[in-house]
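Asks: What follows is a predicted structure for the sequence shown.
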Amino acid sequence: MFNIWTQLLKRDLLIAFRRRSEIIHPLIFFIMVVSLFPLAIGDDKILLQKIAPAVIWVTALLATMLSLDNLFRSDFEDGSLEQMTLLQVPLSFLVTAKITAHWITTGLPLILITPVLAMLLYLPTEMVSTLVLTLLVGTPTLSLIGAVAIALTVALRQGGVILSLLVLPLYIPVLIFATLALQNVEQGFSAEAQLAMMFAILVLAITLSPFAIAAALKVSLN
Amino acid sequence: MKIVTNIIRLYHQCASPPYFYRISGLWLPYIIGLCGLLFAYGLYSGLFLAPTDYEQGEAYRIIFVHVPAAWMSMFIYMVMAATGVIALVWRLKLAEIVMISCAPIGASFTFLALATGSIWGKPMWNTWWVWDARLTSELLLLFLYFGVMALYNAIEDRRTAARAVAILALVGVVNIPIIHYSVEWWNTLHQGPTVTKFDKPSIHLSMLIPLLVMAVAFKLFFIASLFMRVRTELLRREQNSKWVNTLLESK
């Protein structure tokens, strides 16, 4: 069972590295949108500093959402997803391997580039570590919740707009806790409470969403 | 055991489209009549008999529409999720139709709650909108309804669409408390008690009774409009079946 899981993870990672554009495009989107804000607002250091956490988080949210389409699309189209449902290993278990691979190829690069972007927005260095920490706890949750929505819409021709309608309301708690954590740090308080809440949401997402994803995929494969 | 089998039989009977169509048709006039009476009494006693509020003057009277609408917006989402579970587990066509018929009604009530709240907010807080926790979570509830409706309309096969929507509604139900409390926390850290002083008014009986009457009236209105929607949808889906044809011939 775990053997299949690691094999699937390796396969997905290999496919992603062979098709590097899928890794790079969300990243470029992330960098470009974040750098649009200083251009639109002007080189106002105080204002940029103030909105930096919000800008980075909202953009990360959108970048994650845009990258979701890669998660099941190719497997759905070439029929490998159907093969996975026929395995003896439960689909809800297998999808976690796919989501892990997806997070490594899209979530992790975003986190790695974040310190650079934080510098572009004049974010104080002591806040960068908290920002990275919130992204580290938050982006897996985004991938998991997003996977439910993409599993529901993968069979649709114009799933893109509907995906954003489904996914964005569900992303709001993560966004709120992450930006609250950063505000706390900015005002000199600890961000532990918010990080703990984000971690709790992540644990909840890990335990519950695989079942919803598997059920949704079976509906889509119908 | 006999009771159990009877209950199961009754359950299957109620879930059969022709039976539901007949029974709901019998009930509908009474529900609408009672709903109209309660609306008349509730509105009259709310708008004319209930005393003027010493703090908010006459403007508070919008509460008799606003609060029941807000209650309904949550209640209908719960009905949608509950019928969603039934639709997923037992694959009952009727449960699917009830679930999907709930969505537009629930969205309308949510919109009504937001609109009346906004109208109420103008004289009270001197602004149409504040990013208060309750307003925000109500807005997010509206987004959740929109998501449900968009997903249902996007999938061509009605039964597949219903199952997809059921999953989405369940995910939404798990998320509603998280969304609600995160928004609450976000707000209470942000701004002080500009709003909360209206949050829990200890309400006098002369205002409470019209409010409760209006709440019951809203609930009956929901049931009536739900029945009408479900009946129409049943006819549309079963247009090729025998009972619809006999129904048409008899008319």
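Replies: Ah, there it is. Please read all numbers here as calculations on a predicted model, not as lab measurements.

Asks: neighbours around B:Ser250, how many?
Replies: B:Ser250 has 6 neighbouring residues, counting by other Cβ atoms under 10 Å in any protein chain shown. For glycine as for every other residue, the C-beta is placed from the backbone atoms N, C-alpha and C.

Asks: From B:Leu235, how far out is it?
Replies: B:Ser250 is 14 Å from B:Leu235, where distance means Cβ to Cβ, to the nearest Å.

Asks: Over to A:Pro140?
Replies: 47 Å.

Asks: So those two - more neighbours on which side?
Replies: Legend: neighbour count by other Cβ under 10 Å for A:Pro140 and B:Leu235, higher for A:Pro140 (19 against 16).

Asks: Verify the stated contact: the more buried one with A:Leu202.
Replies: Yes: between A:Pro140 and A:Leu202 there is a contact under Cβ atoms under 8 Å: 5.8 Å.

Asks: Quick one, grab the pLDDT at A:Glu180.
Replies: Small correction: residue A:180 is Leu, not Glu. A:Leu180 is assigned a pLDDT of 89 by the prediction.

Asks: The helix or strand encompassing it: what's the following helix or strand?
Replies: Using DSSP states H and E, A:Leu180 sits within helix A:159-186. Per DSSP H and E, helix A:159-186 leads on to helix A:192-221 as the next helix or strand towards the C-terminus.

Asks: how much space between B:Cys231 and B:Arg237?
Replies: Let me fix one detail, which is that residue B:231 is Arg and not Cys. From B:Arg231 to B:Arg237 the distance is 11 Å (Cβ to Cβ).

Asks: again with B:Val4
Replies: To B:Arg237, B:Val4 is 31 Å away according to Cβ to Cβ.

Asks: Looking only at neighbour counts, state which of these two leads.
Replies: Using other Cβ under 10 Å, the more surrounded residue of B:Val4 and B:Arg237 is B:Arg237, with 16 against 8.

Asks: Now the more buried one, what are its backbone angles?
Replies: Main-chain dihedrals, B:Arg237, degrees, to the nearest 10: phi -80, psi -30.

Asks: Now do the buried residues in the helix or strand that contains A:Gln7.
Replies: Using DSSP H and E, A:Gln7 maps to helix A:2-18. Buried positions in helix A:2-18, judged by neighbour count with 16 or more other Cβ atoms under 10 Å in any protein chain shown: A:5, A:8-9, A:12-13, A:16.

Asks: same check, this time on stretch A:18-29
Replies: A:22-23, A:26-27, A:29.

Asks: May I see those residues organised as a markdown table, with secondary structure and pLDDT added?
Replies: Formatted as a markdown table, the buried residues of stretch A:18-29 follow (DSSP: H, G, I helix; E, B strand; the rest coil; pLDDT from 0 to 100):
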| residue | secondary structure | pLDDT |
| --- | --- | --- |
| A:Glu22 | helix | 83 |
| A:Ile23 | helix | 87 |
| A:Pro26 | helix | 91 |
| A:Leu27 | helix | 93 |
| A:Phe29 | helix | 94 |
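
Asks: Could you dump these into TSV and include distance to A:Leu170?
Replies: Output for the buried residues of stretch A:18-29, formatted as TSV (distance: Cβ to Cβ, whole Å):
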residue	distance to A:Leu170
A:Glu22	23
A:Ile23	24
A:Pro26	19
A:Leu27	23
A:Phe29	21
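
Asks: Report the distance from the helix or strand harbouring B:Ile86 to the chain centre.
Replies: Applying DSSP H and E as the criterion places B:Ile86 in helix B:63-90. Mean C-alpha position of helix B:63-90 versus that of the full chain (Cα atoms, centre = their mean, to the nearest Å) differs by 5 Å.

Asks: what's the answer for stretch B:106-124, then?
Replies: The answer for stretch B:106-124 is 15 Å, by Cα atoms, centre = their mean.

Asks: mind listing what the closest residue to B:Thr83 other than its chain neighbours touches?
Replies: In space, and not counting its chain neighbours, B:Thr83 is closest to B:Met99: 4.1 Å by Cβ to Cβ, 6 or more residues apart in numbering or on different chains. By Cβ atoms under 8 Å, 6 or more residues apart in numbering or on different chains, the contact list for B:Met99 reads B:80, B:83-84, B:87, B:162, B:165-166, B:169.

Asks: please redo it, this time with the cut-off set to 6 Å
Replies: Residues near B:Met99 by Cβ atoms under 6 Å, 6 or more residues apart in numbering or on different chains: B:80, B:83-84, B:87.

Asks: would JSON lines of those residues with pLDDT be doable?
Replies: Formatted as JSON lines, those follow (pLDDT from 0 to 100):
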{"residue": "B:Met80", "pLDDT": "94"}
{"residue": "B:Thr83", "pLDDT": "93"}
{"residue": "B:Gly84", "pLDDT": "93"}
{"residue": "B:Ala87", "pLDDT": "91"}
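
Asks: Go ahead and confirm B:Ala169 touches B:Ala81.
Replies: Yes: using Cβ atoms under 6 Å, B:Ala169 is in contact with B:Ala81, at 4.7 Å.

Asks: Who has more neighbours out of these two?
Replies: B:Ala169 (29 against 20).

Asks: what pLDDT does that one get?
Replies: 93.

Asks: got it, and B:Arg158?
Replies: At B:Arg158, the pLDDT recorded in the model is 88.

Asks: what is the orientation angle of the lowest-mean-pLDDT helix or strand in chain B with helix B:63-90?
Replies: When the helices and strands of chain B are scored by mean pLDDT, DSSP states H and E, helix B:2-15 comes last with a mean of 76. Orientation check (axes from the mean of the first three to the mean of the last three Cα atoms, to 10 degrees): helix B:2-15 against helix B:63-90 gives 110 degrees.
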